[in-house]
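*Asks:* Please find the sequence and the predicted model below.
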Amino acid sequence: MTIQSRPVCFEDVAVGDEIPPLDKGPFTTAHIMRWSAAMENWHKIHYDRDFAVNHDKLPGLLVNGSLKQQFYFEHLRKWIGDTGWVWKVTFRFRAMNLIGEKLTMWGRVTGKRECPDYGIVELDLGIVNEEGTESSPGTGTVALPYRGGDPVPYPFVPPA
Amino acid sequence: MSNIPEGAMDYIGMRTSEEFACEPVEPGAVRRYAQAIMDEAPIFAPDAGTDNRFGGPVAPPLFPQAMFRRAYGDPDPVQENAYNEDFDGSSGNRTLALPEIRQFRGFGVLNGGSEIEFYRYARYGERVKVTSFYEDIVEKQSSKGPIILIYIVSDYFTADDELLLRIRRISIRRPLK
């Protein structure tokens, strides 16, 4: 996915629109170690297969939820550009993603409403692997500028 | 019969005072973070101009939650647990400035998800502080047996009390028997 050539405006979006997907992976233990080091989080279920499988009774080494949650913000920011704002993201980790999986972020517009300074757009979001299994359903809320209007105020001020 | 250990519910409502991250937003830490999440956006780079609408180079949205690391000289849980076969490698809830719920030691830990509100990027060089509280502890049945959900709310601010983000986390504990 590439960044939009022009910022997305509120008027550009319709309920039911699918936003461009974002691919990540396939994930290797090197990806996970790099993330663990960046976070300084040494939870063994992400890199110690014996501990993950035999101690914690997991099916294998897990892709960190803390890593996957980053992708929601990247996905939405790359879609709307820097004149909009990613206000809210919610997600539940319903299934595990294991080392070796390739993940795809998806999003679909479910609602929109006008506010005085910008428009609000609601989305369903999720993460599927190559088999199409949904692991992390969620929702997103972004603020978009009106066509010809100013960027969304920064720092972001939520609607009254 | 409840799988929530005795005394664990006493943590509900426990709230921390403001705690500053041990270091400000460091360019090197931002680079490693951005590379690890594979999102090397220009706004996160050190040469991002101060004339952009964010006031200069900024850290990725969720970077503040990674800033609450073990401070220099603090006890080292990795070494302290070097002979503990049950130590899972995590260091409790240090990153949230909350005390660990000791009753859940020996339980499996999983990330259940979050609800995040994002208001402002943390800029290079800024100090960040957090306050957190245990909102609730709930037992549920999953397809693999009982799980316990711990709801934790954290607010991240700049030193000037500007709200950066609010995260409501769901941390899962699984009895391992």
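*Replies:* Received, thanks.

*Asks:* where along the chain do the helices fall?
*Replies:* Chain wasn't specified; assuming chain A. A:29-39, A:49-50, A:65-80 (DSSP state H).

*Asks:* oops, I was thinking of chain B
*Replies:* B:27-36, B:77-80.

*Asks:* about what we covered before: most tightly packed of the helices of chain A?
*Replies:* Mean neighbour count (mean count of other C-beta atoms under 10 Å in any protein chain shown) peaks for helix A:65-80 among the helices of chain A, with a mean of 23. Bear in mind the C-beta positions are built from the backbone N, C-alpha and C, glycine included.

*Asks:* coming back round to it: in JSON lines: the helices of chain B, plus mean neighbour count.
*Replies:* Listed next are the helices of chain B as JSON lines, based on neighbours: other C-beta atoms under 10 Å in any protein chain shown:
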{"stretch": "helix B:27-36", "mean neighbour count": "18"}
{"stretch": "helix B:77-80", "mean neighbour count": "12"}
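
*Asks:* what sits against residue 59?
*Replies:* In the absence of a named chain, this looks at chain A. A:53, A:96, A:98 (C-beta atoms under 8 Å, 6 or more residues apart in numbering or on different chains).

*Asks:* hmm, I had chain B in mind actually
*Replies:* Per C-beta under 8 Å, 6+ apart, neighbours of residue B:59: B:25, B:30, B:33, B:44, B:121-124.

*Asks:* Between these, which sits nearest residue A:11?
*Replies:* Lowest distance from residue A:11 to these (C-beta to C-beta) belongs to residue B:121, with 26.3 Å.

*Asks:* What residues does the closest residue to chain B within chain A make contact with?
*Replies:* Of the residues in chain A, the one nearest chain B is residue A:65, at a distance of 3.3 Å by C-beta to the nearest C-beta. The contact partners of residue A:65, taken as C-beta under 8 Å, 6+ apart, are A:93, A:136, B:110-113.

*Asks:* farthest pair in the residues you listed?
*Replies:* By the measure C-beta to C-beta, A:136 and B:110 form the most distant pair in the contacts of residue A:65, at 12.6 Å.

*Asks:* Among the contacts of residue A:59, name the buried ones.
*Replies:* A:96, A:98 (16 or more other C-beta atoms under 10 Å in any protein chain shown).

*Asks:* that older thread, flag whichever of the helices of chain B has the least confidence on average.
*Replies:* Lowest mean pLDDT within these: helix B:77-80, a mean of 90.

*Asks:* Any stretches of chain B with poor pLDDT?
*Replies:* Within chain B, the stretches with pLDDT under 70 are B:91-97, B:177.

*Asks:* of all of it, which residue lies closest to chain A?
*Replies:* residue B:111 (3.3 Å).

*Asks:* Do I have it right that that residue meets residue B:171?
*Replies:* Yes - between residue B:111 and residue B:171 there is a contact under C-beta atoms under 8 Å: 6.8 Å.

*Asks:* So for these two, which sits in the more crowded spot?
*Replies:* More crowded of residue B:111 and residue B:171, by other C-beta atoms under 10 Å in any protein chain shown: residue B:171, with 21 against 18.
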